[in-house]
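Sequence and computational prediction follow.
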Amino acid sequence: MENYWNKEIECMPREEMKKLQDERLVKQVKHVYENVPYYKKLMDEKGVTPDDIKSTDDLHKLPFLTKADLRDAYPYGLLAKPLSECVRIQSTSGTTGRRVVAFYTQHDVDLWEDCCARAITAAGGTNEDVCQVAYGYGLFTGGPGLNGGSHKVGCLTLPMSSGNTERQIQFMRDLGSTILCCTPSYAAYIGETLKEMGLTPDDIKLKAGIFGAEPWTEEMRREIEKSLGIKAYDIYGLTETSGPGVAFECSEQSGMHINEDNFIAEIIDPDTGEVLPEGSKGELVFTSITKEAFPLLRYRTRDICVLSRKKCSCGRTLIKMSKPMGRSDDMLIIRGVNVFPSQIETVLIEQGYAPNYQIEVDRVNNSDTLDVYVEMNEEQFTDTVKGIQDKEKALTAAIKQILGISPKVHLVSPKTIARSEGKAVRVIDKRKLHD
Ligand code: DLL
């Protein structure tokens, strides 16, 4: 039996959903044009006015927004409501200098939590459940989003945040948690720890997990399902569009339904910006049609995926997105933290190293590792062993300061990092997260 949080919306006939989107888009464009001078300028430059947008068929006329725009307009430049009406911010992890900050009115928080409630319900959650939220709390959207969704559904909510794995397992056993929300890599780690503690899935009551915020494979899904004795559901979202719950998986476990009453999805060619027909692989672009405080229009996510309207056995008519298959920029997600190679390069240069380096990312025992190989010049190289170790320590600390996660730094002899004749290969990602 399939469960819905809001059946009317989730199973709405296509034509009705389009009508709803049309109305909301027209209203939203007007709201943004009148209240966000930054976006008005982009529209003016493109020669588009709100009168040109009569339905979703006109969406392609609007300019795109990118992460660069968000940095440019930081912190308040894209705000569409007076501060007096905003009640919350959230922010993404690990971006350079200027972080991305998203704003919420109470109405926005409610809509966001509602999206998360849909995800929890689709995973079988009801008010009989005990929902353990082990995503990070704080600026990261994972903890607060799923926490709010869990409250809405009426689950007994355990706001654990991430970390302290043995305590997670103890609470899980003592309180009889039935739903676990965390990143897939943390779920796998909890599974391993359970085993190390001499326990089996029969010793816990978990039945479902809601895992997202980073790429994960079908193999990883099977491994987690087995180690915890659960059904594992994917959930997608990004801070810029509110957080988790933009899309969620249903019992069919074959792609995530996008909450189309709140977000219009498009797939574009990342090089030309041209809108591609349904079924094409390309960059996912979102327009939020219900958010008040931070309503981004045509925001380029950089996530590469495919959209599909194929009939779903769960009865939902909401369009489905595939698992993200990569990114159209060079952002890496390491232990849930967004990392750009350029951030590491900036630190190296600041610390007096030449930009001869290589970043190696791997996944060992389901946890991401980050190794940074940095070449010393002749002068640096003649140092003593202790001197080199001290330099490695200082560099580790400086990188950690910027990224929020700790790398393993290896200083290597001059001229040992291969020079490239074309584009430098700065990153070796051995994780094989995409098929
Ligand atoms: O990761 C929001 C979130 C929290 C989603 C909890 C799901 C669960 P950001 O930190 O802004 O927000 O990172 C957003 O993470 O553009 C994707 O590249 C990636 N991402 C998010 N969910 C998935 C997923 C949160 N299910 C960026 N599969 C996005 C693959 C994902 N990648």
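Noted; the coordinates are in hand.

drop to CA atoms for contacts and neighbour counts, all remaining ones
Will do.

and Pro414, how many residues sit next to it?
15 (other Cα atoms under 10 Å).

Which SSE is immediately downstream of the longest helix anywhere in the chain?
Longest helix in the chain by number of residues (criterion: DSSP state H): helix 14-35. Moving toward the C-terminus from helix 14-35, the next helix or strand (DSSP states H and E) is helix 37-46.

Which positions within that following helix qualify as buried?
The neighbour-count criterion (16 or more other Cα atoms under 10 Å) identifies 38-40, 42-43 as the buried residues of helix 37-46.

Just the residues contacting that helix, thanks.
Defining contact as Cα atoms under 8 Å, 6 or more residues apart in numbering, one finds that helix 37-46 is touched by 32-34, 49, 62-63, 73, 77-78.

Settle this for me: Lys231 is touching Ala208, isn't it.
Yes - because the distance of 4.8 Å satisfies Cα atoms under 8 Å, Lys231 is recorded as touching Ala208.

Return the residues of the stretch 201-350 of the chain in contact with the ligand.
When proximity is defined by Cα under 6 Å from any ligand atom, the stretch 201-350 of the chain lies next to the ligand at 212-215, 234-239, 243-244, 301, 303, 323-324.

Which positions in the longest helix of the chain come out as buried?
17-18, 20-22, 24-29, 31-33, 35.

In the stretch 51-200 of the chain, which residue sits closest to the ligand?
Per Cα to the nearest ligand atom, the residue of the stretch 51-200 of the chain with the smallest distance to the ligand is Gly142, at 3.7 Å.

Identify the residues contacting that residue.
For Gly142, the set of contacting residues under the criterion of Cα under 8 Å, 6+ apart consists of 135-136, 182, 213, 243-244.

mind redoing it with 10 Å?
Applying Cα atoms under 10 Å, 6 or more residues apart in numbering, we find Gly142 in contact with 90, 133-136, 161, 181-183, 211-213, 237-239, 243-245.

Same question for Ala247.
By Cα under 10 Å, 6+ apart, the contact set of Ala247 is 115-116, 118-119, 234-237, 255-260, 263, 318-321.

In strands, which of the residues you listed appear?
When those are checked against strands (DSSP state E), the matches are 234-237, 256-258, 263, 320-321.

Make JSON lines out of those residues and add neighbour count and pLDDT.
Rendered in JSON lines, the data for the ones in strands among the contacts of Ala247 read as follows (neighbours: other Cα atoms under 10 Å; pLDDT from 0 to 100):
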{"residue": "Asp234", "neighbour count": "27", "pLDDT": "98"}
{"residue": "Ile235", "neighbour count": "28", "pLDDT": "97"}
{"residue": "Tyr236", "neighbour count": "24", "pLDDT": "97"}
{"residue": "Gly237", "neighbour count": "20", "pLDDT": "97"}
{"residue": "Met256", "neighbour count": "26", "pLDDT": "98"}
{"residue": "His257", "neighbour count": "27", "pLDDT": "98"}
{"residue": "Ile258", "neighbour count": "26", "pLDDT": "98"}
{"residue": "Phe263", "neighbour count": "24", "pLDDT": "98"}
{"residue": "Lys320", "neighbour count": "25", "pLDDT": "98"}
{"residue": "Met321", "neighbour count": "24", "pLDDT": "98"}
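
Now for these: which two are most distant?
By the measure Cα to Cα, the ones in strands among the contacts of Ala247 have their two most distant members at Asp234 and Phe263, which lie 18.0 Å apart.

ok so, going back, can you tell me which of the residues of the stretch 201-350 of the chain next to the ligand lies nearest to Lys432?
Set against Lys432, the nearest of these by Cα to Cα is Pro215 (10.0 Å).

residues touching that closest one, list them.
Taking Cα under 10 Å, 6+ apart, one finds 183-185, 234, 236, 323-326, 333-334, 336, 433-434 in contact with Pro215.

in the stretch 151-300 of the chain, which spans are helices?
When assigned using DSSP state H, counting those that start in this stretch, the helices of the stretch 151-300 of the chain occupy the ranges 165-175, 184-196, 218-228.

And the longest one, what does it pack against?
When you say that, I think you mean helix 184-196. With contacts defined as 3 or more Cα pairs under 10 Å, 6 or more residues apart in numbering; DSSP states H and E, the secondary structure elements packing on helix 184-196 are helix 165-175, strand 179-182, strand 208-212, helix 218-228, strand 231-238, strand 367-375.

can you do 7 Å?
Secondary-structure packing of helix 184-196 (3 or more Cα pairs under 7 Å, 6 or more residues apart in numbering; DSSP states H and E): helix 218-228.

Mean confidence (pLDDT) on the helix it packs on, please.
Helix 218-228 carries an average pLDDT of 90.

farthest pair in the buried residues of helix 14-35?
Met17 and Asn35 (26.5 Å).

Centroid-wise, who is the farthest residue in this structure?
Thr382 (43.7 Å; Cα atoms, centre = their mean).

re earlier: okay, among the contacts of helix 37-46, which ones form the most distant pair?
Pairwise distances across the contacts of helix 37-46 peak at 20.9 Å for Thr49 and Ala73 (criterion: Cα to Cα).

Pull up the distance across stretch 230-248, start to finish.
17 Å (Cα to Cα, to the nearest Å).

Renumber starting at 542 from here on
OK, 542 is where the count begins now, so the last one is stretch 771-789.

and that stretch, how far out from the chain's middle?
Centroid separation between stretch 771-789 and its chain, computed with Cα atoms, centre = their mean, to the nearest Å, is 7 Å.

go on, stretch 704-718?
The chain centre lies 25 Å from the centre of stretch 704-718; the measure is Cα atoms, centre = their mean.
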